[in-house]
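Undergrad: Starting from these lines, generate the structure:
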Amino acid sequence: MPKKVLVVEDERNIATLLAKIVESCGVEVEVAHDGLAALTSLRKGKPDLMLLDLIMPIMSGEEVLDEVQSDDDLRDLPIILVTTRSVAQGAAAKYKLLQKPFSPTEVRDAVKQALDL
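TA: Model (predicted):
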């Protein structure tokens, strides 16, 4: 069974690009366009990895991280933060950071490393 990755990105063109890059690693990809949709998806079925934008409407990436950290079933979920920020703060500081603008190679390498592919 292929591994599953949840891509959470509010900018649709970036979400589509990320999904295509991640799919090229041979994994299934689901996309959510805001933090609330991401949490709904996570609670339906835990993916093997989540790529999470930090700056989003409705519910920010930091708020999603807080929810994930307080959920025993999700706490160990591998997460790669995708952001324009150069440094993550608070709960975000413990996760791998992929800075925008990113290259397809950077994304593929990060996903492959996180999933041991």
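Undergrad: Show me where this protein has its helices.
TA: Using DSSP state H, the helices of the chain run over residues 12-23, 35-44, 61-69, 104-115.
Undergrad: Tell me which of these sits most buried.
TA: The highest mean neighbour count among these belongs to helix 61-69 (a mean of 20), with neighbours defined as mean count of other CB atoms under 10 Å. Using the backbone N, CA and C atoms, a C-beta is placed for each residue, glycine as well.
Undergrad: contact partners of that one?
TA: In this structure, residues lying in contact with helix 61-69 by CB atoms under 8 Å, 6 or more residues apart in numbering are 8, 35, 38-39, 42, 52-55, 74-75, 77, 79, 81, 83, 90-92, 95.
Undergrad: Quick check on these: which are buried?
TA: When burial is judged by neighbour count using 16 or more other CB atoms under 10 Å, the buried members of the contacts of helix 61-69 are 8, 35, 38-39, 42, 52-54, 74, 77, 79, 81, 83, 92, 95.
Undergrad: so what's the residue most central in space within the chain up against?
TA: Taking CA atoms, centre = their mean as the criterion, residue 51 is the residue nearest the geometric centre of the chain, at 1.4 Å. Going by CB under 8 Å, 6+ apart, residue 51 touches 5-9, 18, 22, 79-80, 82, 98, 107, 111.
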